[in-house]
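**Q** Please find the sequence and the predicted model below.
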Amino acid sequence: MLLALAVVLFQALASITGSEYVLTQMTMSGYYTLVIVGLTVLMGYTGQISIGHAGFFAIGGYTTAVLTTKNLLALQNSPLAAFLLKWGLAVHTTDPYGAMIAHVSPWVSLVVSVLITMIISFLIGIPILKLKGHYLAMATLGFGTIIYHLVLGSRLFGEADGISSVPSFVIAGPLRITGDTSQRIANYYIAWFIVIAGIVLLVNLINSRAGRALRAIHGSEDAAGAMGVNTARYKLSIFVLSAVFAAVGGALLTHFNGSIGPSESSVVKSVRYVAIVAVGGMANIWGSLTMGLLLNFLSLRGYLGSYDDAFFGLMLIVIMLFFPDGLLTRETLGNAAGLIKSLKQRLAGKDKGVRK
């Protein structure tokens, strides 16, 4: 696969040029890209606009942060803590002061994060997916706002400070998801292996019978329903799937960073995801992947400065006004190629006129 080859070549180039530090931002971009490709399928293949996916990202991140930072040894009298300790679902370690502690295994917290996200997205998806257009967008915006204020005002979630000291995610042996610079290359490959696996899943889904049903829903929901497609079930299933992608990205990035703050659930973050999908092309996974990687990398490296949020908001407005199909779609690229060819022909014609 060309994407896998590009991942390897980028790492090799970074190592050869002594620029391995950029792999940190590439790793973070990978986890954010999980949100974007999931949202691409939701928006591009079912026509559902969500401005609340940062909320699902935060649910994944905050759930794993809470579960893996609570000392179970101090709660071992509770039935749940006793169960986790008894059945080996906890990790024993020491705190910065050398005291013995135990916390929920990151594997368990990841599974719990996904399950909670599935339940919440299912419950809110049933009523809000009956809405269309800007009504649906406003409903998802309301959900995202609720999550933001919930984590911002709750002591359980650290309020404005968020949650820090989140432990690394041990995968197997010494292999772990961590921000430790000594494992920078390994974490780069872990992140992009997960992204590639997610894309393979989505591409196979799109090319399946279910994918044809999704395209039919996007083309005309009423016509798809008349042909026997269970539109409500498909729309809800894709909504839950895209929410799970966001939650997994949030959980793994939280372990990589070792912390999470309320800004990850802000409305601005959701707008950023929608803007990137719009730029890449609503039904173009590869376009969204490319633009997600590029724009997130530029943002994380600080190239956009203090105008970071303003840039994504302005970009969304420009795309919606002038390039509604996105920049990296066949239609837009074909129109651009045609315009360039027309300009060349006109210039060539003027040249001939001058020579005569």
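**A** Perfect, I can see it now. These figures come from a predicted structure and were not determined experimentally.

**Q** can you map out the strands along this protein?
**A** Under the criterion DSSP state E, strands of the chain are mapped to 90-94, 100-104, 169-172, 175-177.

**Q** Is I124 in contact with G142, as I believe?
**A** No: here I124 does not reach G142: they are 9.7 Å apart, not a contact under CB atoms under 8 Å. (Glycine included, C-beta is placed from N, CA and C.)

**Q** out of these two, which sits in the more crowded spot?
**A** Counted by other CB atoms under 10 Å, I124 and G142 do not tie: I124 has more neighbours, with 19 against 14.

**Q** Spit out the contact partners of that one.
**A** Contacts for I124 were tallied using CB atoms under 8 Å, 6 or more residues apart in numbering; they are F143.

**Q** ok, now how distant is it from G249?
**A** 19 Å (CB to CB, to the nearest Å).

**Q** Next: M118.
**A** For M118, the distance to G249 - CB to CB - is 15 Å.

**Q** where are the low-confidence patches of the stretch 201-350 of the chain?
**A** Along the stretch 201-350 of the chain, the model assigns pLDDT under 70 to residues 329-350.

**Q** which regions of the stretch 1-150 of the chain sit below the pLDDT cut-off?
**A** Using pLDDT under 70, the flagged stretches of the stretch 1-150 of the chain are 1, 96.

**Q** at 80 instead, please
**A** 1, 76-77, 86, 94-99 (pLDDT under 80).

**Q** now the helices for the stretch 151-300 of the chain?
**A** 184-206, 209-219, 221-226, 231-257, 267-280, 285-300 (DSSP state H, counting those that start in this stretch).

**Q** relative to helix 285-300, how tilted is the fifth one?
**A** Our comparison of helix 267-280 with helix 285-300, counting by axes from the mean of the first three to the mean of the last three CA atoms, to 10 degrees, yields an angle of 130 degrees.

**Q** what's next to helix 267-280, contact-wise?
**A** Residues outside helix 267-280 that contact it (CB under 8 Å, 6+ apart) are 35-36, 39-40, 43-44, 49-55, 57, 140-141, 144-145, 148, 263, 286-292, 295-296, 309, 312-313, 315-316, 319-320, 323, 326-328.

**Q** List the buried residues for it?
**A** Neighbour counts using 16 or more other CB atoms under 10 Å place 267, 269-280 of helix 267-280 among the buried residues.

**Q** What residue spans form the domains of the protein?
**A** Domains of the chain are assigned by automatic domain parsing as 23-324, 327-356.

**Q** still on that earlier bit, most packed of the strands of the chain?
**A** strand 175-177 (a mean of 20; mean count of other CB atoms under 10 Å).

**Q** So what are the sheet partners of that one and their directions?
**A** Strand 175-177 has its sheet partners listed here by DSSP bridges as strand 169-172 (antiparallel).

**Q** G211 and L201 touch, don't they?
**A** No: under the criterion of CB under 8 Å, G211 is not in contact with L201, lying 11.8 Å apart.

**Q** ok so, going back, turn the buried residues of helix 267-280 into CSV, columns for distance to E221.
**A** As requested, those are exported to CSV (distance: CB to CB, whole Å):
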residue, distance to E221
V267, 27
K269, 29
S270, 24
V271, 25
R272, 28
Y273, 23
V274, 20
A275, 25
I276, 25
V277, 20
A278, 21
V279, 25
G280, 24
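
**Q** who touches F10 in this structure?
**A** F10 neighbours (CB under 8 Å, 6+ apart): M26.

**Q** what's the neighbour count on S109?
**A** 26.

**Q** State the distance from it to S242.
**A** With distances taken as CB to CB, S109 is found 21 Å from S242.

**Q** Likewise for T94?
**A** 39 Å.

**Q** and if you look at N257?
**A** N257 is 22 Å from S242, by CB to CB.

**Q** Compare those two and say which is more crowded by neighbours.
**A** Counted by other CB under 10 Å, N257 and S242 do not tie: S242 has more neighbours, with 27 against 21.

**Q** ok, W286 - contacts?
**A** Neighbours of W286 in contact, by CB under 8 Å, 6+ apart: 280, 328.

**Q** Also A216?
**A** So A216 contacts 223-224, 227, 229 (CB under 8 Å, 6+ apart).

**Q** I'd like to know which of those are buried.
**A** By 16+ other CB under 10 Å, those give 224, 229 as buried.

**Q** Among the contacts of A216, which one sits closest to L175?
**A** V229 (43.0 Å; CB to CB).

**Q** right, and that closest one touches A213 too?
**A** Yes: with contact defined as CB under 8 Å, V229 counts as touching A213 (4.8 Å).

**Q** closest to V66 among the buried residues of helix 267-280?
**A** K269 (19.7 Å).

**Q** what's the spacing between the closest one and G250?
**A** 10 Å.

**Q** what residues are shared contacts of the two?
**A** Counting by CB under 8 Å, 6+ apart, the residues touching both K269 and G250 are F57.

**Q** picking up where we left off before, let me have the strands of the chain in a markdown table, extended by distance to Y62.
**A** Shown next, in a markdown table, are those (distance: least, CB to CB, whole Å):
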| stretch | distance to Y62 |
| --- | --- |
| strand 90-94 | 19 |
| strand 100-104 | 14 |
| strand 169-172 | 15 |
| strand 175-177 | 17 |
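
**Q** Now A210. Nearest residue, chain neighbours left out?
**A** Closest residue to A210 apart from its sequence neighbours, by CB to CB, 6 or more residues apart in numbering: Y234 at 7.0 Å.
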